[in-house]
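Student: I'll drop the sequence and a predicted model, then ask my questions.
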Amino acid sequence: MEFRSSDAVLRGMLHMPAGDGDRRAAVVICPPFAEEKKCAQRVLVHATRALTQAGFVVLRFDLSGTGESTGDPAAGCPSRWREDIERAIEFVWQATDAHRLGLLGLRLGGTLAAEAATGLQPEWLVLWEPVVNGRRYLQLNVRRSLIKKMLTQGEQFDAKQAAGTQRDGHEHMDFDGHFVSARCQDEISSVDMLASADAAAQNVFVLGIGPRDTLSREQGGLVEAYAAAGAKVTGAAVREPPFWSLVGLVRGDAAIRETLAWLNAEGGAGGPGDAKPDP
């Protein structure tokens, strides 16, 4: 399945639940970026199947310039990807009989979903381990990329050259083979979810995923920021390996189970809802 976003063709999979009910709820999954997307693919597919089995229409797709979608990777940046999410939502409204819709985003995909929600006002917003601070996210990815290159290149490793950027940040970065332009760096660096949280979505679910059963200080601050903005927000944490940075047989069962429980309580599939807007 494919649809257009500006000059790119976005490709993905539209998953339909069994049955022919006249009212359904849809979830658009907003994927993470670069290596985190590759590592999280298995869990996102597993989540999609679980959501579909629970009665949700689910769209998984690749952002422009990534995966199977067309588009120049050098042009990829949050503002462009937010437009992709807008087109994805329009596609779901037009292609399905869904009457309610929400977004589920992981890591940078969660950040993009939250930013897109400001203009789109989805009924719910599920944020799995979202990137709250963009500058720290960039620093983490640079370190991870440098460590990988150091391990693979051995004595040939040159830290300055491997960084792929000057001190002023006006050259591209290399996230393990994923091109990150200066514009993309600037847009990611400006991310501050604590300052931008609003009540665009009727319901917000912030899920921390990691070794603890409590939210991090940053995630707790995000819950407070949404509450202060007037959103109905729930925060929860599950003990789960950080599957977006692992390559292995991780299913994400705890995260999926917690999310389904929240969705069924706050905006379950097949329940009553407003008619979908005109395209």
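Tutor: Here it is on my side, so go on. Numbering: from 1, shown residues only.
Student: where does residue 11 land in three-state SS?
Tutor: Following DSSP: H, G, I helix; E, B strand; the rest coil, residue 11 is assigned to strand.
Student: check which helix or strand covers the nearest residue to it once chain neighbours are set aside.
Tutor: Excluding the flanking residues, the one nearest residue 11 by C-beta to C-beta, 6 or more residues apart in numbering is residue 68, at 4.2 Å. Just so you know, the C-beta spots here come from the backbone N, C-alpha and C atoms, and that holds for glycine as well. Using DSSP states H and E, residue 68 sits in no helix or strand.
Student: distance of residue 68 from residue 210?
Tutor: Using C-beta to C-beta, to the nearest Å, residue 68 is found at 30 Å from residue 210.
Student: higher neighbour count, those two?
Tutor: residue 210 (16 against 12; other C-beta atoms under 10 Å).
Student: quickly note the distance from that one to residue 109.
Tutor: 17 Å.
Student: now swap in residue 136 and tell me
Tutor: Counting by C-beta to C-beta - residue 136 and residue 109 are separated by 17 Å.
Student: with residue 96 instead?
Tutor: For residue 96 relative to residue 109 (C-beta to C-beta), the value is 21 Å.
Student: so for those two, which sits in the more crowded spot?
Tutor: Ranked by neighbour count (other C-beta under 10 Å), residue 96 and residue 109 place residue 109 first, with 28 against 16.
Student: any idea of the mean pLDDT for the helix or strand harbouring that one?
Tutor: Residue 109 belongs to helix 108-120 when assigned by DSSP H and E. If you average the pLDDT over helix 108-120, you get 93.
Student: how distant is it from the center of its chain?
Tutor: Between the mean C-alpha location of helix 108-120 and the chain-wide mean there is a distance of 8 Å, by C-alpha atoms, centre = their mean, to the nearest Å.
Student: list the buried residues for that helix?
Tutor: 108-117, 120 (16 or more other C-beta atoms under 10 Å).
Student: for it, name the packing helices and strands.
Tutor: Identification of packing neighbours for helix 108-120 by 3 or more C-beta pairs under 8 Å, 6 or more residues apart in numbering; DSSP states H and E yields strand 24-30, helix 78-95, strand 98-106, strand 124-128, helix 193-196.
Student: can you rerun that using 7 Å?
Tutor: Contacts defined by 3 or more C-beta pairs under 7 Å, 6 or more residues apart in numbering; DSSP states H and E place helix 108-120 against strand 24-30, helix 78-95, strand 98-106, strand 124-128.
Student: redo these as CSV? Include mean neighbour count.
Tutor: Output for the helices and strands packed on helix 108-120, formatted as CSV (neighbours: other C-beta atoms under 10 Å):
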stretch, mean neighbour count
strand 24-30, 27
helix 78-95, 19
strand 98-106, 25
strand 124-128, 29
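Student: now these in CSV, with distance to residue 243?
Tutor: As requested, the helices and strands packed on helix 108-120 are exported to CSV (distance: least, C-beta to C-beta, whole Å):
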stretch, distance to residue 243
strand 24-30, 14
helix 78-95, 21
strand 98-106, 9
strand 124-128, 10
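Student: quick check: which of the ones you listed is nearest to residue 144?
Tutor: For the helices and strands packed on helix 108-120, proximity to residue 144 was assessed by C-beta to C-beta; strand 98-106 is nearest, at 16.7 Å.
Student: what packs against that closest one?
Tutor: Counting contacts by 3+ C-beta pairs under 7 Å, 6+ apart, strand 98-106 is packed against strand 24-30, helix 78-95, helix 108-120, strand 124-128.
Student: save these as CSV, and put in distance to residue 257 too.
Tutor: Compiled in CSV, the helices and strands packed on strand 98-106 are given as follows (distance: least, C-beta to C-beta, whole Å):
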stretch, distance to residue 257
strand 24-30, 15
helix 78-95, 24
helix 108-120, 18
strand 124-128, 13
